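Participant: coordinates for the following, if possible.
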Amino acid sequence: MIWWIAQAQRANSELSMIAVLNEESAWLSRVLWRFEDKQLIVEFDITHKNELFLLKMIYPVAFPETPPLVLTRDKKRISGHQYAYGGELCLEYRPDNWNPNIDGSLIILSAYKLISGERPVDNKQMEIRDGHDITLGQEFRSVDFRYLVTLEIIEVFKSLNQNKPYTIKTRCSILQNKCTVIVEDIEDGSEEIFSSGSVHTCNSWNRDGLIIHDHEELFNKKPQLNEILLVFKKIGHIHFLNDFLNQEKNFDFIFGCGKEWALVSFFRINNEWNTNTYQTILTPPTANRLPRGYEALKGKKVGVVGCGSVGSKIATSLARSGVEDFLLIDDDIFFAGNLVRNELDMESIGFHKVDALKQRIMNINPLSEVKVRRVSLGGQESSATISSVFEGLGKCQIIVDATANDRAFNLNAAVSKRYCIPLIWCSVFAGGVGGTVVRLLPNRDPIPLIAKAQINAWYKAHNVLWEGVDEKGYATKIGEETPMIASDADVSVISSHATRFALDALVYREDTKFPYSAYVIGLSHKWIFTEPFDTRPIKLKAEGHWGQEVGEINQEEVEKLFKEIQNMSLKENNDD
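Facilitator: From the prediction side, this is the model:
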């Protein structure tokens with residue numbers, strides 16, 4: 001119910017208190033109440049030093065739990081404590097210190113204090129305590145053209161010869177009619193001075209441009225083309241600019257003075273040069289937000305087999321954590337039906353999952369090295385293909401099996417065992433029941449096939465009927481069976497725990513943070529789980545030999561094998 005109906009007594013009190021303030025205050029006049037879209041609004045004028053300020057106060061629907069808003073009626077900016085032109089005044093009483101007992105008369109009085117405090121009678125500017133911190137997001141939310149600079153590139157700019165222009169490439173990206181530009185490359189002739197290493201996405205493209213610095217005649221204003229021409233003539237490099245003008249190509253022009261840098265974009269419309277001035281945003285310094293020891297991830301290579309909903313989430317999370325070297329293996333193509341759970345989005349539809357996931361990783365960290373194999377480890381492939389994949393996985397520091405496919409698991413298990421590589425795998429139970437996460441460390445845990453047998457035995461030992469739907473593969477095939485039913489949230493929970501296992505194996509290994517190597521995680525009150533987040537550890541017993549088993553080489557037996565095969569081949573050829 002509308003507050004002024006539900007609390008009519010409070011509404012009448014608001015009218016009375018403001019009427020008293022109006023009678024007692026010579027600076028307050030023309031108090032007028034009205035309704036607008038079911039909101040209670042009071043318009044009022046404040047006079048100070050013969051200047052008239054036209055204001056209005058809006059009581060929000062959540063009043064008195066939230067404070068009223070005071071704005072200018074003529075859309076003017078009247079205070080340094082105001083959100084943009086015509087925006088809300090930031091007063092003494094705000095959402096962060098609001099008390100429902102405060103009434104509107106105190107809000108109007110606070111507005112007068114702000115106006116008079118910023119315009120003292122003796123012309124001595126008073127310092128009004130800033131009761132609000134404007135974030136970058138608030139400051140730039142209405143800015144359509146944004147130019148991002150870092151402290152690193154400012155140092156590059158300052159090192160350039162001030163009497164010489166340099167050619168640049170900028171990268172422009174557009175999102176919801178807002179345009180962002182960064183400097184991608186700086187060149188002096190054919191010599192590269194700076195490269196950002198950025199990766200292009202479908203909504204970004206390159207533009208050419210020029211940069212000069214320490215020319216104050218251009219700064220602190222929107223420079224016109226004739227002013228830029230004069231500067232280029234002054235430094236004797238007018239041909240640089242003429243190259244762009246003669247080609248009638250759009251270009252960006254960056255200029256600076258000390259630590260301040262600005263960007264103006266020139267473009268032609270109807271044979272006339274027009275400009276867009278970009279507002280500079282200094283990118284905050286990058287702070288380390290990762291745990292100690294994660295620096296070591298840069299030198300580790302991770303093999304991810306299966307790039308569906310589970311594998312895509314694990315791979316991108318590892319990339320955000322600092323892993324830069326990946327081998328991605330999957331033969332499947334990404335379709336619209338995969339959007340409900342996969343890390344990929346609409347831009348990836350129709351592409352192989354490994355290719356799209358590679359681009360996703362590169363967008364997170366452009367320095368990543370990502371090799372892809374469009375191979376089905378669970379399907380029919382040539383022996384040569386499987387052998388090359390086997391060797392590639394053998395060079396990884398960990399292997400993540402996200403296939404939910406027994407044939408693929410057996411191959412991953414073989415690589416893990418032979419090369420003594422930690423193996424991570426997980427499975428998501430259909431129907432939002434839960435899932436399993438497993439991490440096997442060589443010479444500490446059982447070899448993969450024995451570990452899987454122990455886990456299956458653990459399942460059977462509970463003697464509880466499994467009511468869920470059997471897991472289905474993720475690959476898209478003709479005549480595919482009903483896909484697994486699980487929400488993105490369910491898959492994300494299991495994937496995140498598998499990622500934690502992978503990071504632990506990469507960073508800590510022998511000093512592992514996990515007392516068990518396998519966990520069954522419940523997400524609902526089903527099967528053996530008594531409640532959501534019911535987690536059951538599985539104690540695995542170390543069994544089996546890690547590493548390749550090599551028996552005593554018997555030369556006679558080897559020769560016998562070769563002769564037997566050779567004789568079979570000769571007999572088959574003779575029969576033909």
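
Participant: when you work out contacts or count neighbours from here on, use the C-alpha atoms and nothing else.
Facilitator: Noted.

Participant: so which residues of the stretch 301-450 of the chain form helices?
Facilitator: Ranges of helices in the stretch 301-450 of the chain, per DSSP state H, counting those that start in this stretch, are 309-321, 353-364, 383-393, 406-419, 448-461.

Participant: before we move on, what about the chain?
Facilitator: Here the chain has its helices, by DSSP state H, at 3-6, 8-24, 104-118, 136-140, 151-158, 225-234, 238-247, 309-321, 353-364, 383-393, 406-419, 448-461, 488-507, 555-575.

Participant: and the shortest one, how far out from the chain's middle?
Facilitator: Right, helix 3-6. The chain centre lies 43 Å from the centre of helix 3-6; the measure is Cα atoms, centre = their mean, to the nearest Å.

Participant: and the fifth one, by the same measure?
Facilitator: Remark: helix 151-158 is offset 25 Å from the chain centroid, using Cα atoms, centre = their mean.

Participant: and what of the second one?
Facilitator: Taking Cα atoms, centre = their mean, one finds the center of helix 8-24 at 50 Å from the center of the full chain.

Participant: which residues does it contact?
Facilitator: 4, 28-29, 31, 103-105 (Cα atoms under 8 Å, 6 or more residues apart in numbering).

Participant: apply 6 Å and report the result again.
Facilitator: Residues from elsewhere that reach helix 8-24 (Cα atoms under 6 Å, 6 or more residues apart in numbering): 4, 28, 105.

Participant: highest neighbour count among the residues you listed?
Facilitator: Highest neighbour count within these, by other Cα atoms under 10 Å: residue 28, with 20 neighbours.

Participant: which non-adjacent residue is nearest it?
Facilitator: residue 46 (4.9 Å; Cα to Cα, 6 or more residues apart in numbering).

Participant: list the contacts for residue 203?
Facilitator: residue 173.

Participant: re the thing from before, so the residue nearest to residue 28 bridges to which residues?
Facilitator: Note on residue 46: beta-bridge partners by DSSP bridges are residue 28, residue 53.

Participant: now stretch 168-177, how far from the centre of its chain.
Facilitator: Mean C-alpha position of stretch 168-177 versus that of the full chain (Cα atoms, centre = their mean) differs by 18 Å.

Participant: ugh, wrong one, I meant stretch 4-11
Facilitator: 46 Å.

Participant: only the buried residues of that stretch, if you could.
Facilitator: 4, 11 (16 or more other Cα atoms under 10 Å).

Participant: now swap in stretch 524-543 and tell me
Facilitator: Buried residues in stretch 524-543, counted by 16+ other Cα under 10 Å: 524, 526, 528-529, 535, 538-540.

Participant: C-alpha coordinates for that stretch, PDB please?
Facilitator: The C-alpha trace of stretch 524-543 is given here as PDB (Å, rounded to 0.1, in the frame of the first residue of the first chain):
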ATOM      1  CA  SER A 524      19.300 -31.700  -2.200                       C
ATOM      2  CA  HIS A 525      17.600 -34.100   0.300                       C
ATOM      3  CA  LYS A 526      17.700 -37.100  -2.000                       C
ATOM      4  CA  TRP A 527      19.400 -40.500  -2.300                       C
ATOM      5  CA  ILE A 528      21.800 -40.800   0.700                       C
ATOM      6  CA  PHE A 529      21.800 -37.000   1.400                       C
ATOM      7  CA  THR A 530      20.000 -35.800   4.500                       C
ATOM      8  CA  GLU A 531      20.100 -32.100   3.400                       C
ATOM      9  CA  PRO A 532      21.500 -29.800   0.800                       C
ATOM     10  CA  PHE A 533      25.300 -29.300   1.000                       C
ATOM     11  CA  ASP A 534      25.600 -32.700   2.800                       C
ATOM     12  CA  THR A 535      29.200 -33.700   1.900                       C
ATOM     13  CA  ARG A 536      30.500 -37.200   2.300                       C
ATOM     14  CA  PRO A 537      34.200 -37.900   2.100                       C
ATOM     15  CA  ILE A 538      35.400 -41.200   0.500                       C
ATOM     16  CA  LYS A 539      38.500 -42.700   2.000                       C
ATOM     17  CA  LEU A 540      40.600 -44.200  -0.800                       C
ATOM     18  CA  LYS A 541      43.200 -46.900  -0.100                       C
ATOM     19  CA  ALA A 542      46.500 -46.500  -2.000                       C
ATOM     20  CA  GLU A 543      46.800 -49.500  -4.400                       C
END
